[in-house]
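K.L.:
A predicted structure for the sequence below; I have some questions about it.
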Amino acid sequence: MKMTISNLNLYYGEQQALAGVSLEIPRNRVMALIGPSGCGKSTFLRTLNRMNDLIDCVRIDGRIELDGANVYADDMDLVRLRKRVGMVFQRPNLFPMSIYENVIYGCRVHGLSDKKRLDEIVEKSLRRAALWEEVKDRLDDSAMGMSGGQQQRLCIARVLAVEPEVLLMDEPCSALDPISTMKIEELVQELKQEYTIVMVTHNMQQAARVSDYTAFFLNGKLIEHDVTDTIFTNPHDKKTEDYITGRFG
Ligand SMILES: Nc1ncnc2c1ncn2[C@@H]1O[C@H](COP(=O)(O)OP(=O)(O)OP(=O)(O)O)[C@@H](O)[C@H]1O
């Protein structure tokens, strides 16, 4: 297992957003997180690299391990944790800089400045994000001039540039057209050879297409998780069945 979550509870002030969540995330697989709006999917995703630490009123108990080490240990180095567990958001969040500078942003933060090494990282990351051929002749152009789908792949390249182990994706296709969505889905299939991927999606077909495992959340609880085929063809819980057949949510 790449990550192990045990009996996780999370509160925003008085309001409990996650209750008793336990889940194992297998290495080099894609896990989809599904469930109706507000059920806690994004909150759960953010606990995996401690992004919720940035929100004042959050209180967490339970345990999360990355390769057996306690993610919430007092001496956990958060910069290193977020390098190992990278995140791609719903909307592309690029900086108003060149394509090149966007890719290596994280590497510069981590103190890398050798031009030759940075050039290599830019090419490798853009290739892995299936974007190199489209942008190799305009690396110095502003990233803001790219299409939405290209921008999202550039965000993925930026995360890959710092060599993460786990990739968290929060509805990465929600702002994209069908063709860009297909490209991201193909990319996710490629990337799972090297990375562990956890992806929130509202799109059932997408979860069925790209994930190996699916976890269904409802009202802050993990209702069930299993091999994706089983969740979609033979779920154990009536609530899962109701959700995937579109009876609510
Ligand atoms: N920063 C925050 N402060 C207070 N409450 C929050 C915060 N973020 C989320 N919540 C609450 O926690 C609950 C779970 O929200 P979360 O965004 O994790 O759900 P979700 O399943 O990802 O929803 P969606 O599919 O709409 O993105 C909701 O009731 C939400 O209002």
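P.N.:
Received the coordinates, thanks. Residues are numbered from 1 along each chain as shown.

K.L.:
what does this structure put close to the ligand?
P.N.:
Contacts of the chain with the ligand, taken as C-beta under 6 Å from any ligand atom, map to Tyr12, Ala17, Gly35, Ser37, Gly38, Cys39, Gly40, Lys41, Ser42, Thr43, Ile55. Yep, even glycine has a C-beta here, placed from its N, CA and C like the rest.

K.L.:
model confidence score at the second one, please.
P.N.:
So that's Ala17. Ala17 carries a pLDDT value of 98.

K.L.:
give me the neighbour count for it.
P.N.:
For Ala17, the count of nearby residues is 20 (other C-beta atoms under 10 Å).

K.L.:
can you confirm it is in a strand?
P.N.:
Yes - under DSSP: H, G, I helix; E, B strand; the rest coil, Ala17 sits within a strand.

K.L.:
correct me if wrong: it contacts Leu8.
P.N.:
No - counting by C-beta atoms under 8 Å, Ala17 sits too far from Leu8 to count as a contact (10.5 Å).

K.L.:
contacts for stretch 196-208?
P.N.:
By C-beta atoms under 8 Å, 6 or more residues apart in numbering, the residues outside stretch 196-208 that reach it are 2-3, 25-34, 37, 41-42, 45, 48, 165-174, 181, 185, 188, 191, 210-211, 214, 228, 232, 244.

K.L.:
just the buried residues of those residues.
P.N.:
2-3, 25, 29-34, 41-42, 45, 48, 165-173, 181, 185, 188, 191, 210-211, 214, 228, 232, 244 (16 or more other C-beta atoms under 10 Å).

K.L.:
center of this protein - which residue?
P.N.:
By C-alpha atoms, centre = their mean, the chain has its centre lying nearest to Leu168, at 1.6 Å.

K.L.:
doesn't Leu48 make contact with that one?
P.N.:
Yes - look at Leu168 against Leu48 with C-beta under 8 Å: they come within range, at 5.9 Å.

K.L.:
mutual contacts of those two, please.
P.N.:
Taking C-beta under 8 Å, 6+ apart as the criterion, Leu168 and Leu48 both touch Val85, Val198.

K.L.:
about what we covered before: now, the contacts of stretch 196-208 that are in strands?
P.N.:
In strands, defined here by DSSP state E, the members of those are 3, 25, 30-34, 166-170, 214.

K.L.:
Asn234 - how many residues pack around it?
P.N.:
Count around Asn234 with other C-beta under 10 Å applied: 10.

K.L.:
retrieve the pLDDT associated with it.
P.N.:
For Asn234, pLDDT reads 96.

K.L.:
check Gln189 too.
P.N.:
Per-residue pLDDT puts Gln189 at 94.

K.L.:
please apply the same query to Phe248.
P.N.:
Listed pLDDT for Phe248 reads 69.

K.L.:
in this protein, which spans are strands?
P.N.:
Assigned strands in the chain, in chain order: 3-12, 15-25, 30-34, 58-66, 69-70, 85-88, 166-170, 196-200, 213-218, 221-227 (criterion: DSSP E).

K.L.:
pick the most deeply packed of those.
P.N.:
Ranked by mean neighbour count, those are led by strand 30-34 with a mean of 27 (mean count of other C-beta atoms under 10 Å).

K.L.:
angle of that one against strand 196-200?
P.N.:
If you take axes from the mean of the first three to the mean of the last three C-alpha atoms, to 10 degrees, strand 30-34 sits at 20 degrees to strand 196-200.
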